[in-house]
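In: Attaching a predicted model along with its sequence, questions to come.
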Amino acid sequence: MKAFSQGRKPIFLRVAQELRARVNAGFVDEPQSIGSMAKVWGISRCTMRKAVLVLAGDGLVDCTQGRPIRRKDPNPERTQPHYSPAESRFHEIIKSRILDGTYRWGASIPKVNYFIVSDRVSSTTVAAACSRLAGEGLIFKSGKHWIVGNCRRFPSLSDAGSRRPTVLLVFPLGLQWNAYFTHSFVVPYSLSLAEELQQLGRATSMAFINEGESTELQVPVGAGKIVAFAKSLGDNYCGAHVYFGVQPPAESIDCLRALLKLGEPLVLFDHAGEYENLATGLRTQRKRPFYRCHMDERGAVRLALQSLADAGHTRIGVPFYKGFTWALHRCALIEDVAKEIHPRPEIIIAEQKETFWRYSGGFDLSQYTRQLESGLQRLPERASEGTRGRDSLRAKLLAQTPSLIGLLVQQGVTAILALNDGMAREIYLWTRYVGLSVPRDVSIISFDNSVECRNFPVSTIDFGFSRLGYRAAHVFIGDIPVKADRYGNVPGICTLVDRGSIGKPADSTAIAKTLRTGTGGVPIAAPVLF
C-alpha cells in the first residue's frame, strides 16, 4: 500500500499503468478474481476494480460480470505459440517444482547447465520453458537469473502506519496449541508457514475457538468474536489457519463454517491425518476456498516398504509398543499397504513387551545398558577378562530382548521397519550393543526425519511438512496456485532420506550365529507375536 501512496496520480491509475505494462510486455496471467489481485497488489478491492475497468475500457482485459478477470487477446485470429513435446514436458516439471515448494518464492531456479545435466534437456528447451513460466507469472528475470514469483514489492512488516493483510491463526484454548510451536514433528510446518507469510508482508493474529475458563486474553476468544474480528479487518483479512491438535472443540464446525462464509481461504492443518471426514463435510459447498493440509501417511508407508522391497527384502519385521494407539493404526496400515507393493513382502509384527521399550521422556538404550553394567561385577583390567565381562553384558541384553531376537533369528527377518525415529534410534543402538552391523546384517528404516534423531545413521521418510507449510502460506498470498482435490485435500510430499541403513538382505543363519557367539550359552527366548 505504501508503494502506491506517493505521486500525483490516483492509486487506481498507477495500478492500471503497471497492469497495462505487464499486458503489453506479453505476460499472460492466470484468470484471477478482483479479491486475489487486490491481495497481491496490497490495495483494496474497490481500488483494484477501478484499475481493471480502466484496462477493460482499453480492450486489454475481459471483466465480464460473474467470470474471472483474464487477458483479452487483441488479435483473436492469431494462433497460439507452438511448443514441442520436450518443451511442454519440461515446462510441467519446473512448474510442479514451483508449486510444491521445491523452488521457493524469491529464490532463483538452477542455472541452465544444471537442467542440461540433471534433466537431459537442451538450452533451447530450458529457455522456452522459462519464457512460458514467465508469461504465467510464476518467475521473472533479474539480471542473469530467473527468480520464482513476480517482480512486485510486497508490503513489509516493518512498514509503520499501514494496516497489513492479516491471517488469523485459530487454535483450541488449552495446552494443545503449544504443540504447534514446540513439537518437533509439527515445527517444520509452522516455521515454514510463518517465514513465508512474514517474507511476503502478511501479518498474523492469534484467536481461540472455545472460550474455556480464561477471560483475560487480549485476542478473540469464541466463534462469534473470531468472525467479528475477521470482518473488522475488511479487505485486510486474508483468511484463517486452523490447528486442532488432538481434539477439536465442540463448537469448531460452526466456527469454521462461519469463517468460510466470509469468502476468504480457510486452511486446516491436519498433522496426523485424523480429520478427513470433517474436511469432507466442510467441502460440501464447493465454491468455498477450503484446504486441508495433511500428512500422507499411506504414501509414506508405501515409500518405506517399496524402498526395502527394491533392495531385495522379502521378510520385514515391525516391532511395536502396545501402549500407543497410533502404533496399532500404523501397523494395520503397513499390513494393508504391503498388498500393493511388488514384489509383495511378508510383514511380521512383534509386540515389544519388555519394560524398557518406552520411547518417551528422552529414553536412550544406553541408559539401560548402564543399568545392566551396574548389576554386573566391575570389569577387570586384563583384556581377556574384560572381554568376558562385555560378553556377559551382551548376553544379559540379548536375554531381555526376546521380541527383536525372535524377529531376526526365528522369523528370519532381514529388515526392520520402525514406526518412528525414536524407535529406530533404540533399535539401532541395540544392534550395535549385541554386535550386529547396519546394514550388513540388518536394514533399518523409519518415519518422521525428526531433528533429535538426525545424528543416527538410520534412513527415514520425511513427511514433507516444511514444503506443506510453504504451500499453505501461498494459499493466503494468492500468487502461486496450490493444487487440491475436489475436497480441498493437500497432502504432504513424502521423500526418502537415505542415511545408508538400507542394504541387501543378509543370511538369517549368519545373523543367528553372530548373536549366539559369545553369549555363554544363554537361551534365546521365543518371540511374542501380535
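Out: Ah, there it is.
In: Break the protein into its domains for me.
Out: 2-71, 85-148, 166-294, 299-458+499-516 (automatic domain parsing).
In: Let me have those in CSV, adding mean neighbour count, distance to residue 473 and mean pLDDT as columns.
Out: Heads up, the C-betas are built off the backbone N, CA and C, glycines and all. Below are those laid out as CSV (neighbours: other CB atoms under 10 Å; distance: least, CB to CB, whole Å; pLDDT from 0 to 100):
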stretch, mean neighbour count, distance to residue 473, mean pLDDT
domain 2-71, 16, 13, 70
domain 85-148, 16, 9, 87
domain 166-294, 18, 4, 84
domain 299-458+499-516, 18, 21, 81
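In: can I get those in JSON lines with distance to residue 464?
Out: Below are the domains of the chain laid out as JSON lines (distance: least, CB to CB, whole Å):
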{"stretch": "domain 2-71", "distance to residue 464": "25"}
{"stretch": "domain 85-148", "distance to residue 464": "8"}
{"stretch": "domain 166-294", "distance to residue 464": "9"}
{"stretch": "domain 299-458+499-516", "distance to residue 464": "9"}
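In: Out of those domains, which gets nearest to residue 480?
Out: Closest approach to residue 480 among the domains of the chain is made by domain 85-148 (6.4 Å; CB to CB).
In: Quick one: distance of the closest one to the chain centre.
Out: 23 Å (CA atoms, centre = their mean, to the nearest Å).
In: Ok, stretch 236-253 next?
Out: Using CA atoms, centre = their mean, the offset of stretch 236-253 from its chain centre is 19 Å.
In: Endpoint to endpoint, that stretch covers what distance?
Out: Stretch 236-253 has an end-to-end distance of 24 Å (CA to CA, to the nearest Å).
In: got it, and stretch 452-471?
Out: Per CA to CA, stretch 452-471 runs 25 Å from first to last residue.
In: and what of stretch 71-85?
Out: 25 Å.
In: and what of stretch 413-422?
Out: 21 Å.
In: Could you do stretch 487-498 as well?
Out: Start-to-end, stretch 487-498 (CA to CA) is 33 Å.
In: Equivalent analysis for stretch 449-458, please.
Out: 9 Å.
In: dump the residue contacts of the residue nearest to residue 311 when sequence neighbours are not counted.
Out: Once flanking residues are discounted, residue 311 sits nearest to residue 502: 5.4 Å by CB to CB, 6 or more residues apart in numbering. Neighbour list for residue 502: 307-308, 311, 415, 439, 443-445, 459 [criterion: CB atoms under 8 Å, 6 or more residues apart in numbering].
In: Return the subset of those residues lying in helices.
Out: 307-308 (DSSP state H).
In: residues touching residue 190, list them.
Out: 180-181, 469.
In: rerun that using 6 Å as the cut-off
Out: residue 180 (CB atoms under 6 Å, 6 or more residues apart in numbering).
In: What distance do you get for it to residue 469?
Out: Separation of residue 190 from residue 469 (CB to CB, to the nearest Å) stands at 7 Å.
In: do the same with residue 184
Out: When residue 184 is compared with residue 469 (using CB to CB), they lie 14 Å apart.
In: Geometric centre of the protein: which residue is closest?
Out: Nearest residue to the geometric centre of the chain (CA atoms, centre = their mean): residue 465, 1.9 Å.
In: Find the nearest non-adjacent residue to residue 221, please.
Out: residue 208 (4.8 Å).
In: picking that back up, closest one to residue 491 among the domains of the chain?
Out: domain 166-294 (6.0 Å).
In: on that earlier part again, quick check: the residue nearest to residue 221 touching residue 173?
Out: Yes: using CB atoms under 6 Å, residue 208 is in contact with residue 173, at 4.2 Å.
In: So which of the domains of the chain is nearest residue 493?
Out: domain 85-148 (5.6 Å).
In: Could you take the contacts of residue 502 and lay them out as TSV, with extra columns for distance to residue 195?
Out: What follows is these, written out as TSV (distance: CB to CB, whole Å):
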residue	distance to residue 195
307	30
308	35
311	36
415	37
439	36
443	36
444	33
445	30
459	28
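In: Now go through the contacts of residue 502 and say which are in strands.
Out: Taking DSSP state E, the ones among the contacts of residue 502 that sit in strands are 415, 443-445, 459.
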